[in-house]
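[1] following is a predicted model, sequence given first.
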Amino acid sequence: MKRFVILVAAVLLGAGAQAKTCKDVSSCEQAVILWCEGYSRADADHDSIPCETVCHSLRDVQEIQSQVGCRLR
């Protein structure tokens, strides 16, 4: 029973974990949020498109910024 409680706690804590780098994101929305929260390395080439493996256009990034309330560049 004790192992079950520990397992459940670990799963619940992991579910709330947020991305820390571009490798951790799976969508452009997650990338924009990561960037807006201060991870400046998300836009390493300073073209205003963070985590370019998941974000492919400035237009998409700007739309997501508008939706999430981020005002970077």
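    Done, it's in.
[2] show me where this protein has its helices.
    Taking DSSP state H as the criterion, the chain contains helices spanning 2-15, 28-36, 58-68.
[3] list the contacts of the nearest residue to residue 28 once chain neighbours are set aside.
    Take residue 28 and drop its neighbours on the chain: the residue closest to it by CB to CB, 6 or more residues apart in numbering is residue 55, 4.0 Å away. Where you see a C-beta, it was placed from the backbone N, CA and C, and this is true even at glycine. Residue 55 makes contact with 28, 31-32, 49, 61, according to CB atoms under 8 Å, 6 or more residues apart in numbering.
[4] next one: residue 53
    Residues in contact with residue 53 (CB under 8 Å, 6+ apart) are residue 22.
[5] pLDDT score for residue 72?
    You'll see residue 72 listed with a pLDDT of 73.
[6] and the gap between it and residue 53?
    Going from residue 72 to residue 53 by CB to CB, to the nearest Å gives 19 Å.
[7] distance of the residue nearest to residue 39 when sequence neighbours are not counted from residue 32?
    Leaving out its chain neighbours, the residue that sits closest to residue 39 by CB to CB, 6+ apart is residue 21, at 7.2 Å. Separation of residue 21 from residue 32 (CB to CB): 14 Å.
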